[in-house]
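Student: Structural data only, the sequence is not supplied:
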(Lines give C-alpha, C1' and ligand atoms only; values in the text may rest on other atoms or scores of the structure.)
Protein backbone atom coordinates (compact mmCIF):
# COMPACT_ATOMS: atom_id res chain seq x y z
CA UNK A 1 0.00 0.00 0.00
CA UNK A 2 1.44 3.37 -0.95
CA UNK A 3 0.63 6.66 0.70
CA UNK A 4 0.52 8.35 -2.67
CA UNK A 5 0.37 6.93 -6.18
CA UNK A 6 0.64 8.74 -9.49
CA UNK A 7 -0.52 6.62 -12.40
CA UNK A 8 -0.15 7.90 -15.95
CA UNK A 9 -0.38 11.49 -14.72
CA UNK A 10 0.05 14.47 -17.03
CA UNK A 11 0.70 17.75 -15.24
CA UNK A 12 0.24 21.33 -16.42
CA UNK A 13 -1.90 24.43 -16.02
CA UNK A 14 -4.30 23.72 -18.88
CA UNK A 15 -1.43 23.02 -21.26
CA UNK A 16 0.37 19.65 -20.80
CA UNK A 17 3.83 20.17 -19.32
CA UNK A 18 5.05 16.67 -18.48
CA UNK A 19 3.19 13.44 -19.13
CA UNK A 20 3.39 9.75 -18.30
CA UNK A 21 4.27 10.16 -14.63
CA UNK A 22 4.12 6.85 -12.75
CA UNK A 23 5.42 6.81 -9.20
CA UNK A 24 4.51 5.98 -5.64
CA UNK A 25 5.55 6.90 -2.12
CA UNK A 26 5.95 4.06 0.38
CA UNK A 27 4.90 4.73 3.99
CA UNK A 28 7.71 6.23 6.07
CA UNK A 29 9.91 6.97 3.06
CA UNK A 30 11.73 10.22 2.40
CA UNK A 31 11.88 11.14 -1.28
CA UNK A 32 13.48 14.13 -2.97
CA UNK A 33 11.83 15.60 -6.03
CA UNK A 34 14.96 16.71 -7.84
CA UNK A 35 15.27 18.81 -10.95
CA UNK A 36 16.46 22.12 -12.36
CA UNK A 37 14.37 25.23 -11.79
CA UNK A 38 11.49 25.87 -14.16
CA UNK A 39 10.70 22.31 -15.23
CA UNK A 40 7.49 22.00 -13.24
CA UNK A 41 8.36 20.75 -9.76
CA UNK A 42 5.85 23.13 -8.21
CA UNK A 43 3.23 22.17 -10.80
CA UNK A 44 3.76 18.50 -9.93
CA UNK A 45 3.43 19.30 -6.22
CA UNK A 46 0.26 21.30 -6.79
CA UNK A 47 -1.15 18.40 -8.81
CA UNK A 48 -0.39 15.72 -6.25
CA UNK A 49 -1.94 17.91 -3.54
CA UNK A 50 -5.09 18.25 -5.60
CA UNK A 51 -4.70 22.03 -5.93
CA UNK A 52 -4.92 21.64 -9.71
CA UNK A 53 -6.37 18.59 -11.46
CA UNK A 54 -4.12 16.22 -13.45
CA UNK A 55 -4.66 16.70 -17.19
CA UNK A 56 -4.59 12.92 -17.57
CA UNK A 57 -4.14 9.91 -15.30
CA UNK A 58 -4.98 9.59 -11.63
CA UNK A 59 -3.54 10.71 -8.32
CA UNK A 60 -4.39 8.23 -5.57
CA UNK A 61 -4.12 9.18 -1.88
CA UNK A 62 -4.18 6.06 0.31
CA UNK A 63 -5.90 4.35 -2.60
CA UNK A 64 -8.58 7.03 -3.17
CA UNK A 65 -8.73 9.26 -6.24
CA UNK A 66 -7.80 12.77 -5.12
CA UNK A 67 -10.42 14.46 -7.30
CA UNK A 68 -13.15 12.68 -5.32
CA UNK A 69 -11.84 13.95 -1.94
CA UNK A 70 -12.93 17.17 -0.23
CA UNK A 71 -10.33 19.77 0.77
CA UNK A 72 -10.48 18.83 4.49
CA UNK A 73 -10.17 15.12 3.61
CA UNK A 74 -7.05 15.83 1.53
CA UNK A 75 -5.62 18.10 4.24
CA UNK A 76 -5.99 15.31 6.82
CA UNK A 77 -3.84 13.10 4.56
CA UNK A 78 -1.34 15.53 2.99
CA UNK A 79 0.28 18.51 4.71
CA UNK A 80 2.07 21.19 2.76
CA UNK A 81 5.12 23.25 3.67
CA UNK A 82 5.51 26.24 1.34
CA UNK A 83 8.84 27.87 0.43
CA UNK A 84 8.33 30.53 3.04
CA UNK A 85 5.80 32.67 4.83
CA UNK A 86 5.58 36.22 3.54
CA UNK A 87 2.26 36.94 5.17
CA UNK A 88 0.22 40.09 5.12
CA UNK A 89 -0.77 39.91 8.78
CA UNK A 90 1.49 39.66 11.82
CA UNK A 91 0.39 36.26 13.12
CA UNK A 92 2.29 34.76 16.01
CA UNK A 93 4.04 31.42 15.50
CA UNK A 94 1.39 29.80 17.73
CA UNK A 95 -1.49 31.21 15.63
CA UNK A 96 0.20 30.10 12.42
CA UNK A 97 0.69 26.56 13.71
CA UNK A 98 -2.85 26.52 15.11
CA UNK A 99 -4.13 27.00 11.56
CA UNK A 100 -2.75 23.54 10.85
CA UNK A 101 -5.65 22.16 12.92
CA UNK A 102 -8.30 23.54 10.55
CA UNK A 103 -8.90 20.28 8.68
CA UNK A 104 -9.77 18.57 11.96
CA UNK A 105 -12.36 21.18 12.96
CA UNK A 106 -16.03 21.38 12.06
CA UNK A 107 -16.95 24.03 9.50
CA UNK A 108 -18.20 26.50 12.12
CA UNK A 109 -15.77 25.50 14.88
CA UNK A 110 -12.71 27.23 16.31
CA UNK A 111 -9.73 25.38 17.84
CA UNK A 112 -10.15 24.10 21.42
CA UNK A 113 -7.79 23.04 24.23
CA UNK A 114 -6.96 19.70 22.52
CA UNK A 115 -5.83 21.61 19.43
CA UNK A 116 -3.67 23.90 21.56
CA UNK A 117 -2.03 20.81 23.10
CA UNK A 118 -1.18 19.44 19.67
CA UNK A 119 0.27 22.81 18.67
CA UNK A 120 2.46 22.87 21.80
CA UNK A 121 3.65 19.35 21.00
CA UNK A 122 4.47 20.29 17.39
CA UNK A 123 6.40 23.38 18.53
CA UNK A 124 8.40 21.31 21.02
CA UNK A 125 9.10 18.63 18.43
CA UNK A 126 10.80 21.24 16.24
CA UNK A 127 12.53 22.91 19.17
CA UNK A 128 10.77 26.24 18.76
CA UNK A 129 8.48 26.24 21.81
CA UNK A 130 10.20 29.43 22.98
CA UNK A 131 9.18 31.22 19.78
CA UNK A 132 5.44 30.52 20.22
CA UNK A 133 4.41 34.10 20.95
CA UNK A 134 6.79 35.78 18.51
CA UNK A 135 5.58 37.55 15.38
CA UNK A 136 6.23 35.04 12.58
CA UNK A 137 7.22 37.85 10.20
CA UNK A 138 10.06 38.91 12.48
CA UNK A 139 11.81 35.56 12.73
CA UNK A 140 14.84 34.43 10.76
CA UNK A 141 14.04 32.55 7.56
CA UNK A 142 15.07 29.29 9.18
CA UNK A 143 12.92 29.78 12.27
CA UNK A 144 9.96 30.71 10.08
CA UNK A 145 10.47 27.54 8.06
CA UNK A 146 10.48 25.51 11.27
CA UNK A 147 7.16 27.17 12.19
CA UNK A 148 5.69 26.09 8.86
CA UNK A 149 6.97 22.55 9.39
CA UNK A 150 5.45 22.59 12.89
CA UNK A 151 2.15 23.58 11.27
CA UNK A 152 2.40 20.55 8.96
CA UNK A 153 3.09 18.41 12.04
CA UNK A 154 0.02 19.81 13.84
CA UNK A 155 -2.00 18.93 10.75
CA UNK A 156 -1.34 15.23 11.57
CA UNK A 157 -1.19 14.11 7.96
CA UNK A 158 0.61 10.93 6.91
CA UNK A 159 2.37 12.67 4.06
CA UNK A 160 4.27 15.96 4.34
CA UNK A 161 5.08 17.69 1.06
CA UNK A 162 7.71 20.43 1.16
CA UNK A 163 8.28 22.80 -1.74
CA UNK A 164 11.98 23.82 -1.69
CA UNK A 165 11.89 24.31 2.09
CA UNK A 166 15.51 25.44 2.28
CA UNK A 167 15.93 27.24 -1.05
CA UNK A 168 15.95 30.76 0.36
CA UNK A 169 17.91 30.05 3.53
CA UNK A 170 21.52 30.83 4.32
CA UNK A 171 23.93 28.01 5.14
CA UNK A 172 23.46 27.86 8.92
CA UNK A 173 19.67 27.99 8.65
CA UNK A 174 19.66 25.45 5.85
CA UNK A 175 21.70 22.93 7.82
CA UNK A 176 19.50 23.47 10.88
CA UNK A 177 16.23 23.01 8.94
CA UNK A 178 17.67 20.02 7.09
CA UNK A 179 18.56 18.46 10.42
CA UNK A 180 15.05 18.96 11.83
CA UNK A 181 13.46 17.56 8.65
CA UNK A 182 15.58 14.41 9.02
CA UNK A 183 14.47 14.10 12.65
CA UNK A 184 10.86 14.50 11.53
CA UNK A 185 11.30 11.79 8.90
CA UNK A 186 12.71 9.46 11.54
CA UNK A 187 9.34 9.59 13.35
CA UNK A 188 7.83 7.57 10.51
CA UNK A 189 6.11 10.21 8.43
CA UNK A 190 6.26 10.02 4.68
CA UNK A 191 8.06 13.06 3.30
CA UNK A 192 8.41 14.45 -0.22
CA UNK A 193 10.84 17.35 -0.62
CA UNK A 194 11.36 19.25 -3.82
CA UNK A 195 14.81 20.71 -4.42
CA UNK A 196 17.01 21.80 -7.29
CA UNK A 197 20.21 20.80 -5.51
CA UNK A 198 21.43 17.17 -5.74
CA UNK A 199 23.38 17.52 -2.49
CA UNK A 200 20.09 18.24 -0.69
CA UNK A 201 18.73 15.01 -2.12
CA UNK A 202 21.81 13.16 -0.82
CA UNK A 203 21.29 14.74 2.59
CA UNK A 204 17.83 13.18 2.82
CA UNK A 205 18.86 9.77 1.43
CA UNK A 206 19.10 8.73 -2.17
CA UNK A 207 15.47 7.94 -2.90
CA UNK A 208 14.52 10.47 -5.56
CA UNK A 209 12.09 11.45 -8.27
CA UNK A 210 13.66 13.28 -11.16
CA UNK A 211 11.88 15.95 -13.15
CA UNK A 212 13.96 17.38 -15.97
CA UNK A 213 13.50 18.76 -19.46
CA UNK A 214 13.39 15.17 -20.70
CA UNK A 215 10.45 14.29 -18.48
CA UNK A 216 9.88 12.37 -15.26
CA UNK A 217 11.89 9.39 -14.03
CA UNK A 218 12.46 7.37 -10.90
CA UNK A 219 16.17 6.49 -11.01
CA UNK A 220 17.78 3.42 -9.48
CA UNK A 221 20.43 5.68 -7.96
CA UNK A 222 21.70 9.23 -8.17
CA UNK A 223 24.97 8.58 -9.99
CA UNK A 224 27.07 10.86 -12.17
CA UNK A 225 25.42 9.76 -15.43
CA UNK A 226 21.89 10.26 -14.09
CA UNK A 227 22.59 13.74 -12.74
CA UNK A 228 24.45 14.75 -15.91
CA UNK A 229 21.41 13.79 -17.98
CA UNK A 230 19.05 15.61 -15.60
CA UNK A 231 20.92 18.92 -15.63
CA UNK A 232 22.25 18.70 -19.19
CA UNK A 233 25.88 19.27 -18.18
CA UNK A 234 28.69 16.84 -17.30
CA UNK A 235 28.60 16.25 -13.55
CA UNK A 236 30.53 13.95 -11.23
CA UNK A 237 29.41 12.60 -7.89
CA UNK A 238 32.29 12.20 -5.47
CA UNK A 239 32.42 10.82 -1.96
CA UNK A 240 34.40 12.80 0.60
CA UNK A 241 36.64 11.03 3.15
CA UNK A 242 33.86 11.55 5.72
CA UNK A 243 31.45 9.67 3.46
CA UNK A 244 29.42 12.67 2.29
CA UNK A 245 28.45 12.80 -1.38
CA UNK A 246 29.15 16.00 -3.26
CA UNK A 247 28.48 17.04 -6.84
CA UNK A 248 30.83 19.01 -9.06
CA UNK A 249 31.75 19.42 -12.71
CA UNK A 250 33.12 16.24 -14.26
CA UNK B 1 -4.37 41.66 26.50
CA UNK B 2 -6.57 38.59 27.01
CA UNK B 3 -9.27 38.38 24.40
CA UNK B 4 -12.13 38.15 26.92
CA UNK B 5 -10.87 41.26 28.74
CA UNK B 6 -10.56 43.17 25.48
CA UNK B 7 -14.08 42.26 24.33
CA UNK B 8 -15.53 43.13 27.74
CA UNK B 9 -13.76 46.48 27.60
CA UNK B 10 -15.12 47.19 24.11
CA UNK B 11 -18.63 46.17 25.15
CA UNK B 12 -18.32 48.59 28.08
CA UNK B 13 -17.16 51.30 25.68
CA UNK B 14 -20.20 50.66 23.48
CA UNK B 15 -22.48 50.84 26.53
CA UNK B 16 -21.00 54.17 27.59
CA UNK B 17 -21.24 55.59 24.06
CA UNK B 18 -24.91 54.55 23.88
CA UNK B 19 -25.70 56.05 27.26
CA UNK B 20 -24.02 59.36 26.39
CA UNK B 21 -25.85 59.38 23.05
CA UNK B 22 -29.15 58.87 24.86
CA UNK B 23 -28.41 61.70 27.31
CA UNK B 24 -27.17 64.53 25.11
CA UNK B 25 -29.12 66.55 22.56
CA UNK B 26 -31.40 69.58 22.39
CA UNK B 27 -33.61 67.89 24.96
CA UNK B 28 -31.21 66.63 27.63
CA UNK B 29 -32.28 63.46 29.45
CA UNK B 30 -30.31 62.81 32.68
CA UNK B 31 -28.71 59.30 32.81
CA UNK B 32 -31.03 58.01 35.53
CA UNK B 33 -34.06 59.24 33.59
CA UNK B 34 -32.74 57.39 30.52
CA UNK B 35 -32.79 54.17 32.50
CA UNK B 36 -36.28 54.73 33.94
CA UNK B 37 -37.61 55.84 30.54
CA UNK B 38 -36.24 52.63 29.04
CA UNK B 39 -38.42 50.63 31.41
CA UNK B 40 -41.44 52.87 30.89
CA UNK B 41 -41.30 54.72 34.22
CA UNK B 42 -39.80 58.00 33.07
CA UNK B 43 -41.36 61.39 32.33
CA UNK B 44 -43.63 61.34 29.28
CA UNK B 45 -41.47 63.78 27.28
CA UNK B 46 -38.28 61.87 28.01
CA UNK B 47 -39.91 58.61 26.99
CA UNK B 48 -41.14 60.08 23.71
CA UNK B 49 -37.77 61.61 22.80
CA UNK B 50 -35.90 58.45 23.75
CA UNK B 51 -38.12 55.88 22.04
CA UNK B 52 -39.15 57.94 19.00
CA UNK B 53 -35.97 59.83 18.17
CA UNK B 54 -32.85 58.82 20.04
CA UNK B 55 -33.03 55.05 20.32
CA UNK B 56 -33.75 54.46 16.61
CA UNK B 57 -30.83 56.71 15.76
CA UNK B 58 -28.51 55.06 18.30
CA UNK B 59 -29.45 51.61 17.03
CA UNK B 60 -29.00 52.71 13.42
CA UNK B 61 -25.52 54.04 14.25
CA UNK B 62 -24.70 50.84 16.12
CA UNK B 63 -25.79 48.69 13.17
CA UNK B 64 -23.97 50.87 10.64
CA UNK B 65 -20.71 50.88 12.60
CA UNK B 66 -20.83 47.16 13.34
CA UNK B 67 -21.64 46.24 9.74
CA UNK B 68 -19.07 48.52 8.09
CA UNK B 69 -16.30 47.47 10.48
CA UNK B 70 -17.09 43.76 10.13
CA UNK B 71 -17.27 44.08 6.34
CA UNK B 72 -13.94 45.94 6.33
CA UNK B 73 -12.24 43.27 8.44
CA UNK B 74 -13.67 40.55 6.19
CA UNK B 75 -12.58 42.25 2.95
CA UNK B 76 -9.10 42.77 4.40
CA UNK B 77 -8.83 39.07 5.21
CA UNK B 78 -10.08 37.71 1.87
CA UNK B 79 -8.14 40.22 -0.21
CA UNK B 80 -5.06 39.69 2.01
CA UNK B 81 -4.61 43.42 2.09
CA UNK B 82 -4.84 45.43 5.31
CA UNK B 83 -5.46 48.62 3.32
CA UNK B 84 -8.78 47.74 1.64
CA UNK B 85 -12.26 48.63 2.84
CA UNK B 86 -15.91 48.06 1.86
CA UNK B 87 -15.52 50.69 -0.86
CA UNK B 88 -13.13 48.37 -2.69
CA UNK B 89 -15.86 46.49 -4.53
CA UNK B 90 -17.62 49.72 -5.43
CA UNK B 91 -20.47 48.66 -3.15
CA UNK B 92 -20.87 52.06 -1.55
CA UNK B 93 -20.84 53.89 -4.88
CA UNK B 94 -23.27 51.41 -6.41
CA UNK B 95 -25.69 51.66 -3.52
CA UNK B 96 -25.21 55.43 -3.58
CA UNK B 97 -26.10 55.58 -7.27
CA UNK B 98 -29.30 53.64 -6.68
CA UNK B 99 -30.28 55.94 -3.86
CA UNK B 100 -29.61 59.23 -5.70
CA UNK B 101 -31.67 57.96 -8.64
CA UNK B 102 -34.45 57.33 -6.11
CA UNK B 103 -34.08 60.90 -4.82
CA UNK B 104 -34.08 62.25 -8.40
CA UNK B 105 -37.41 60.60 -9.09
CA UNK B 106 -38.81 61.83 -5.79
CA UNK B 107 -39.44 58.34 -4.43
CA UNK B 108 -40.48 57.87 -0.79
CA UNK B 109 -37.69 57.08 1.68
CA UNK B 110 -38.37 53.36 1.90
CA UNK B 111 -38.20 53.00 -1.87
CA UNK B 112 -34.98 55.05 -1.97
CA UNK B 113 -33.49 52.52 0.42
CA UNK B 114 -34.64 49.63 -1.71
CA UNK B 115 -33.22 51.14 -4.89
CA UNK B 116 -29.94 51.88 -3.09
CA UNK B 117 -29.80 48.32 -1.86
CA UNK B 118 -30.45 46.99 -5.36
CA UNK B 119 -27.73 49.32 -6.69
CA UNK B 120 -25.20 47.90 -4.23
CA UNK B 121 -25.98 44.31 -5.11
CA UNK B 122 -26.01 45.10 -8.85
CA UNK B 123 -22.53 46.63 -8.50
CA UNK B 124 -21.16 43.50 -6.88
CA UNK B 125 -22.76 41.36 -9.56
CA UNK B 126 -21.19 43.57 -12.23
CA UNK B 127 -17.81 43.44 -10.50
CA UNK B 128 -17.93 39.66 -10.16
CA UNK B 129 -19.02 39.25 -13.79
CA UNK B 130 -16.30 41.59 -15.03
CA UNK B 131 -13.63 39.81 -12.98
CA UNK B 132 -14.86 36.42 -14.21
CA UNK B 133 -14.77 37.55 -17.84
CA UNK B 134 -11.28 38.94 -17.47
CA UNK B 135 -9.65 36.15 -15.55
CA UNK B 136 -11.76 33.14 -14.65
CA UNK B 137 -12.84 34.71 -11.35
CA UNK B 138 -9.76 33.35 -9.61
CA UNK B 139 -7.49 36.31 -9.29
CA UNK B 140 -7.99 38.58 -6.31
CA UNK B 141 -6.23 41.57 -7.84
CA UNK B 142 -8.45 41.46 -10.93
CA UNK B 143 -11.48 41.53 -8.64
CA UNK B 144 -10.16 44.60 -6.83
CA UNK B 145 -9.42 46.37 -10.12
CA UNK B 146 -12.87 45.47 -11.43
CA UNK B 147 -14.30 46.96 -8.24
CA UNK B 148 -12.40 50.19 -8.80
CA UNK B 149 -13.58 50.41 -12.42
CA UNK B 150 -17.24 49.72 -11.64
CA UNK B 151 -17.07 52.02 -8.60
CA UNK B 152 -15.68 54.81 -10.79
CA UNK B 153 -18.48 54.26 -13.32
CA UNK B 154 -21.05 54.46 -10.54
CA UNK B 155 -19.37 57.63 -9.27
CA UNK B 156 -19.58 59.18 -12.74
CA UNK B 157 -23.25 58.24 -12.96
CA UNK B 158 -23.84 59.87 -9.56
CA UNK B 159 -22.27 63.09 -10.90
CA UNK B 160 -24.57 62.91 -13.92
CA UNK B 161 -27.60 62.55 -11.66
CA UNK B 162 -26.42 65.58 -9.67
CA UNK B 163 -26.23 67.64 -12.88
CA UNK B 164 -29.75 66.57 -13.81
CA UNK B 165 -31.16 67.15 -10.32
CA UNK B 166 -33.18 70.23 -9.37
CA UNK B 167 -30.52 72.54 -7.86
CA UNK B 168 -32.80 74.03 -5.18
CA UNK B 169 -34.52 70.96 -3.84
CA UNK B 170 -32.98 67.66 -4.91
CA UNK B 171 -29.30 68.59 -5.21
CA UNK B 172 -28.88 69.58 -1.53
CA UNK B 173 -30.68 66.39 -0.49
CA UNK B 174 -28.46 64.24 -2.70
CA UNK B 175 -25.27 65.97 -1.60
CA UNK B 176 -26.14 65.67 2.08
CA UNK B 177 -27.12 62.02 1.71
CA UNK B 178 -23.90 61.22 -0.15
CA UNK B 179 -21.89 62.59 2.77
CA UNK B 180 -23.63 60.18 5.11
CA UNK B 181 -26.16 61.01 7.79
CA UNK B 182 -28.49 59.36 10.24
CA UNK B 183 -30.68 62.46 10.67
CA UNK B 184 -34.39 61.68 10.61
CA UNK B 185 -33.96 57.92 11.16
CA UNK B 186 -37.15 56.22 12.35
CA UNK B 187 -37.68 52.91 14.09
CA UNK B 188 -39.20 51.54 10.88
CA UNK B 189 -35.96 52.33 8.98
CA UNK B 190 -33.93 50.40 11.53
CA UNK B 191 -36.26 47.41 11.37
CA UNK B 192 -36.17 47.52 7.56
CA UNK B 193 -32.40 47.01 7.35
CA UNK B 194 -31.90 44.85 10.44
CA UNK B 195 -32.57 41.51 8.65
CA UNK B 196 -30.14 42.34 5.84
CA UNK B 197 -27.39 43.37 8.26
CA UNK B 198 -27.85 40.24 10.38
CA UNK B 199 -28.03 38.00 7.31
CA UNK B 200 -24.81 39.54 6.03
CA UNK B 201 -22.91 39.29 9.32
CA UNK B 202 -24.06 35.79 10.34
CA UNK B 203 -21.81 33.86 7.91
CA UNK B 204 -18.83 36.05 8.83
CA UNK B 205 -19.28 35.26 12.52
CA UNK B 206 -20.03 31.57 11.94
CA UNK B 207 -17.03 31.01 9.63
CA UNK B 208 -14.59 33.31 11.45
CA UNK B 209 -11.85 30.72 12.01
CA UNK B 210 -11.79 29.63 8.37
CA UNK B 211 -11.82 33.24 7.13
CA UNK B 212 -8.59 33.78 9.11
CA UNK B 213 -7.00 30.78 7.40
CA UNK B 214 -8.12 32.19 4.05
CA UNK B 215 -5.98 35.26 4.75
CA UNK B 216 -2.89 33.07 4.16
CA UNK B 217 -3.75 32.95 0.47
CA UNK B 218 -5.71 30.55 -1.68
CA UNK B 219 -3.18 27.72 -2.14
CA UNK B 220 -2.17 27.58 1.51
CA UNK B 221 -5.75 27.82 2.73
CA UNK B 222 -6.79 24.97 0.44
CA UNK B 223 -3.80 22.88 1.54
CA UNK B 224 -4.96 23.43 5.13
CA UNK B 225 -8.40 22.08 4.29
CA UNK B 226 -10.44 25.19 3.42
CA UNK B 227 -12.70 25.24 0.35
CA UNK B 228 -11.18 28.63 -0.44
CA UNK B 229 -13.16 29.75 -3.48
CA UNK B 230 -16.55 28.91 -2.01
CA UNK B 231 -15.64 30.53 1.31
CA UNK B 232 -14.42 33.69 -0.40
CA UNK B 233 -17.66 33.99 -2.36
CA UNK B 234 -19.69 33.59 0.84
CA UNK B 235 -17.61 36.19 2.70
CA UNK B 236 -17.81 38.74 -0.11
CA UNK B 237 -21.57 38.22 -0.47
CA UNK B 238 -22.15 38.59 3.29
CA UNK B 239 -19.94 41.66 3.71
CA UNK B 240 -21.49 43.29 0.65
CA UNK B 241 -25.04 42.64 1.82
CA UNK B 242 -24.28 44.24 5.19
CA UNK B 243 -22.55 47.22 3.56
CA UNK B 244 -25.35 47.83 1.05
CA UNK B 245 -27.94 47.70 3.83
CA UNK B 246 -26.05 50.33 5.81
CA UNK B 247 -25.60 52.62 2.79
CA UNK B 248 -29.34 52.42 2.24
CA UNK B 249 -30.09 54.08 5.59
CA UNK B 250 -26.96 56.06 6.38
CA UNK B 251 -25.64 57.15 2.99
CA UNK B 252 -21.97 56.78 2.14
CA UNK B 253 -19.97 56.78 5.37
CA UNK B 254 -16.33 56.27 4.47
CA UNK B 255 -13.27 55.24 6.48
CA UNK B 256 -14.99 53.23 9.21
CA UNK B 257 -14.47 49.92 7.43
CA UNK B 258 -10.79 50.68 6.97
CA UNK B 259 -9.94 52.29 10.26
CA UNK B 260 -11.84 50.28 12.86
CA UNK B 261 -10.36 46.85 11.96
CA UNK B 262 -6.90 48.40 12.28
CA UNK B 263 -7.61 49.82 15.71
CA UNK B 264 -9.13 46.49 16.74
CA UNK B 265 -6.01 44.70 15.45
CA UNK B 266 -3.87 46.82 17.75
CA UNK B 267 -6.04 45.65 20.66
CA UNK B 268 -6.54 41.92 20.00
CA UNK B 269 -4.00 41.04 17.29
CA UNK B 270 -4.56 39.89 13.71
CA UNK B 271 -6.36 36.58 14.36
CA UNK B 272 -9.66 36.95 12.51
CA UNK B 273 -11.75 34.93 14.99
CA UNK B 274 -10.80 37.56 17.59
CA UNK B 275 -10.60 40.52 15.25
CA UNK B 276 -14.19 40.16 14.03
CA UNK B 277 -16.01 40.46 17.37
CA UNK B 278 -13.61 43.23 18.43
CA UNK B 279 -14.23 45.11 15.15
CA UNK B 280 -18.01 44.74 15.50
CA UNK B 281 -18.01 46.16 19.05
CA UNK B 282 -15.49 48.90 18.33
CA UNK B 283 -17.20 49.88 15.06
CA UNK B 284 -20.55 50.13 16.81
CA UNK B 285 -19.10 52.23 19.66
CA UNK B 286 -17.17 54.45 17.24
CA UNK B 287 -20.20 55.11 15.04
CA UNK B 288 -22.51 55.85 17.98
CA UNK B 289 -19.91 58.31 19.30
CA UNK B 290 -19.35 59.96 15.91
CA UNK B 291 -23.09 60.27 15.27
CA UNK B 292 -23.57 61.87 18.69
CA UNK B 293 -20.82 64.32 17.81
CA UNK B 294 -22.45 64.95 14.42
CA UNK B 295 -25.74 66.06 15.93
CA UNK B 296 -24.43 67.93 18.97
CA UNK B 297 -21.05 69.47 18.10
CA UNK B 298 -22.37 72.35 16.03
CA UNK B 299 -25.60 74.29 15.56
CA UNK B 300 -26.16 72.45 12.31
CA UNK B 301 -26.11 68.68 11.81
CA UNK B 302 -22.64 67.65 10.61
CA UNK B 303 -22.46 65.03 7.83
CA UNK B 304 -21.06 61.73 9.16
CA UNK B 305 -18.74 61.29 6.20
CA UNK B 306 -17.05 64.59 6.99
CA UNK B 307 -16.35 63.55 10.58
CA UNK B 308 -15.19 60.02 9.77
CA UNK B 309 -12.89 61.38 7.06
CA UNK B 310 -11.50 64.04 9.41
CA UNK B 311 -10.73 61.36 11.99
CA UNK B 312 -9.91 58.57 9.52
CA UNK B 313 -7.55 60.44 7.18
CA UNK B 314 -4.86 61.17 9.76
CA UNK B 315 -5.18 57.69 11.29
CA UNK B 316 -4.78 56.13 7.86
CA UNK B 317 -1.60 58.11 7.20
CA UNK B 318 -0.29 57.05 10.58
CA UNK B 319 -1.07 53.39 9.81
CA UNK B 320 0.63 53.66 6.44
CA UNK B 321 3.74 55.20 7.99
CA UNK B 322 3.71 52.47 10.65
CA UNK B 323 3.42 49.65 8.10
CA UNK B 324 6.27 51.19 6.08
CA UNK B 325 8.47 51.13 9.13
CA UNK B 326 7.57 47.51 9.78
CA UNK B 327 8.46 46.30 6.31
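Tutor: Cool, got the structure. Keep in mind it's a predicted model, so treat the numbers as computed, not measured. Residues are numbered from 1 along each chain as shown, chains lettered A, B, ... in the order given.
Student: CA only for contacts and neighbour counts going forward, please
Tutor: OK.
Student: Quick check, pLDDT for residue B:66.
Tutor: Residue B:66 carries a pLDDT value of 97.
Student: burial of it, as a residue count?
Tutor: Counted with other CA atoms under 10 Å in any protein chain shown, residues neighbouring residue B:66 total 33.
Student: do the same with the one 4 residues further on
Tutor: Counted with other CA under 10 Å, residues neighbouring residue B:70 total 36.
Student: Which strand or helix spans it?
Tutor: helix B:55-78 (DSSP states H and E).
Student: Tell me the helix or strand right after that helix.
Tutor: Following helix B:55-78 in sequence, per DSSP H and E, is helix B:91-104.
Student: just checking, what packs against that following helix?
Tutor: helix B:109-135, helix B:140-164, helix B:170-178, helix B:228-250 (3 or more CA pairs under 8 Å, 6 or more residues apart in numbering or on different chains; DSSP states H and E).
Student: So is the helix holding residue B:70 next to chain A?
Tutor: No: judged by CA under 8 Å from any CA of the partner chain, helix B:55-78 stays clear of chain A, getting no closer than 8.9 Å.
Student: Would you mind listing what in chain A touches chain B?
Tutor: Close to chain B, as judged by CA under 8 Å from any CA, chain A has residues A:49, A:51, A:71-76, A:78-80, A:82, A:87-91, A:95, A:99-103, A:107-110, A:155.
Student: Please list only the buried members of the residues you listed.
Tutor: A:49, A:51, A:71-72, A:74-76, A:78-80, A:82, A:88-91, A:95, A:99-103, A:110, A:155 (16 or more other CA atoms under 10 Å in any protein chain shown).
Student: hmm, back to that, give me the subset of the residues of chain A next to chain B lying in strands.
Tutor: Of the residues of chain A next to chain B, the ones assigned to strands by DSSP state E are A:78, A:79, A:80.
Student: Run a quick neighbour tally on residue B:19.
Tutor: 17.
Student: In space, what's closest to it - neighbours in sequence excluded?
Tutor: residue B:31 (7.1 Å; CA to CA, 6 or more residues apart in numbering or on different chains).
Student: now residue A:115: how far from chain B?
Tutor: According to CA to the nearest CA, to the nearest Å, residue A:115 stands 13 Å off from chain B.
Student: ok, so what distance separates that residue from residue B:235?
Tutor: Residue A:115 sits 25 Å away from residue B:235, taking CA to CA, to the nearest Å as the criterion.
Student: Low-confidence stretches in chain A?
Tutor: Residues of chain A meeting the criterion pLDDT under 70: A:206.
Student: what sits against the closest residue to chain B within chain A?
Tutor: Residue nearest to chain B within chain A: residue A:72 (3.9 Å; CA to the nearest CA). The neighbours of residue A:72, taking CA atoms under 8 Å, 6 or more residues apart in numbering or on different chains as the test, are A:102, A:103, A:104, B:224, B:225, B:226, B:227.
Student: Can you show me the helices along chain A?
Tutor: Along chain A, counting by DSSP state H, helices occupy A:41-48, A:71-77, A:93-98, A:113-125, A:141-154, A:171-186, A:198-203, A:224-231.
Student: circling back to that earlier point, which one of the helices and strands packed on helix B:91-104 lies nearest to chain A?
Tutor: helix B:228-250 (9.0 Å).
Student: Give me the number of neighbouring residues for the closest residue to chain A within the stretch 101-250 of chain B.
Tutor: Chain A sits closest to residue B:225 of the stretch 101-250 of chain B, with a gap of 3.9 Å, by CA to the nearest CA. Residue B:225 is flanked by 27 other residues according to other CA under 10 Å.
Student: what about the closest residue to it other than its chain neighbours, distance to residue B:53?
Tutor: Leaving out its chain neighbours, the residue that sits closest to residue B:225 by CA to CA, 6+ apart is residue A:72, at 3.9 Å. Remark: distance between residue A:72 and residue B:53 (CA to CA) = 50 Å.
Student: same deal with residue B:35?
Tutor: 16 Å.
Student: Tell me which residue lies nearest the centroid of the chain.
Tutor: If you meant another chain, say so; for now it's chain A. residue A:162 (1.7 Å; CA atoms, centre = their mean).
Student: try chain B instead
Tutor: Nearest to chain B centroid, counting by CA atoms, centre = their mean: residue B:68, 2.3 Å.
Student: And for residue 104, the neighbour number?
Tutor: Went with chain A since none was named. By the criterion of other CA under 10 Å, residue A:104 has 18 neighbours.
Student: nope, chain B
Tutor: Here the number of neighbours of residue B:104 (other CA under 10 Å) works out to 19.
Student: List the contacts of it.
Tutor: B:161, B:165, B:170.
Student: thinking again about what came up before, residue contacts, the residue nearest to the centre of chain A?
Tutor: A:80, A:81, A:82, A:83, A:191, A:192, A:193, A:194.
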